[in-house]
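> Need coordinates for the following:
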Amino acid sequence: MISIDPLVILFLLIIILFGLCFLILHKVRRIHLMQYALRQQLEQNLPEHLHHTYQQIQAFIDLNRLLQLTYPLPPLRGWAASPDFLLLLAEHAFQKKPKFIVECSSGASTVVLAQCAKINGYGHVLSLEHDAHYAEKTRQQLIKQGLEDWATVIDAPLINYEFNGQNYQWYKLNAQIENTCIDMLVIDGPPASLNHCARYPAGPLLLPLLNIEGVIFLDDADRPDEKEIVQRWVVEFTGFVYQKYDCEKGMVGLIRGAMG
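Modelled structure (predicted):
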């Protein structure tokens, strides 16, 4: 019988293990490179509408990872805010930790911003909603997520306003809003179908309430009316500049001085 030194056997086993580890690492690296190449190929060759869909899916995944909500968000298609818009709002809220957030129109954005305030341990959302049905739906979403202490949905029926000879239907403000120093203003309502430049009144009615370092975010900024609104605000409220964000429906941020 041939006797083999145990050290030789151990040495051979070590070599075999190293060989297996090298092979596994090589395979993993090849899989990683193939996945990366496939992702690049998909991104380059996707039709434009599918590319946009991919971007929204990625934004939705990132948003969920950031928020870690107890229950899923309501659907983010159609009239609802897009995932990329909500992701930018969440990133700003986490970075700046605003004390008072005011938004025009309630919904998924109310839940997102309330969750940001909860995670920050600081801040409160005041959401203006003209539709009593949607206001109640948002309140139920907040309760379901355990966020009712971090956001207030305000019933704000549309009333008549006049600015520069033009009539508007816009939210009725209450004392709670009028006495708030706004750190973050999110404008995603009222519906554009109400009248020309329907969201313009947010400028004369809410910009004077904005904190010196407060920021405004306007959704649907690719539409002609919203582009006109932004230009009017920049002219009428001196010291504000705007920054365009690459979002599905367009997004503009306004702040005093240079955008950071």
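
> Isn't Trp170 up against Ile187?
No - the pair Trp170 and Ile187 fails to qualify as a contact (CB atoms under 8 Å) at a distance of 11.0 Å. Placement of C-beta: from N, CA and C, glycine included.

> Quickly list what's touching both of those two.
Contact criterion CB atoms under 8 Å, 6 or more residues apart in numbering; residues shared by Trp170 and Ile187: Ala202.

> and Thr70, that one's in a helix?
No - counting by DSSP: H, G, I helix; E, B strand; the rest coil, Thr70 falls outside a helix, being coil.

> Please name the nearest non-neighbouring residue to it.
Gln145 (5.6 Å; CB to CB, 6 or more residues apart in numbering).

> can you map out the strands along the chain?
For the chain, applying DSSP state E gives strands covering 100-104, 124-129, 151-155, 158-163, 166-171, 182-187, 210-219, 240-245, 251-256.

> Return the list of helices and strands in contact with the fifth one.
Counting contacts by 3 or more CB pairs under 8 Å, 6 or more residues apart in numbering; DSSP states H and E, the secondary-structure elements packed against strand 166-171 are strand 158-163.

> Try it again at 10 Å.
Under the contact definition 3 or more CB pairs under 10 Å, 6 or more residues apart in numbering; DSSP states H and E, strand 166-171 sits against strand 124-129, strand 158-163, helix 202-206.

> chain center to it: distance?
27 Å (CA atoms, centre = their mean, to the nearest Å).

> pLDDT wise, what is the nearest residue to Leu67 once chain neighbours are set aside at?
For Leu67, ignoring the flanking residues on the chain, the nearest one in space by CB to CB, 6+ apart is Gln115 at 4.9 Å. Per-residue pLDDT puts Gln115 at 97.

> And for Gln115, the neighbour number?
Counted by other CB atoms under 10 Å, the residues lying close to Gln115 total 25.

> got any ranges where the stretch 151-260 of the chain has weak pLDDT?
257-260 (pLDDT under 70).

> List the buried residues in stretch 231-239.
232-234, 237 (16 or more other CB atoms under 10 Å).
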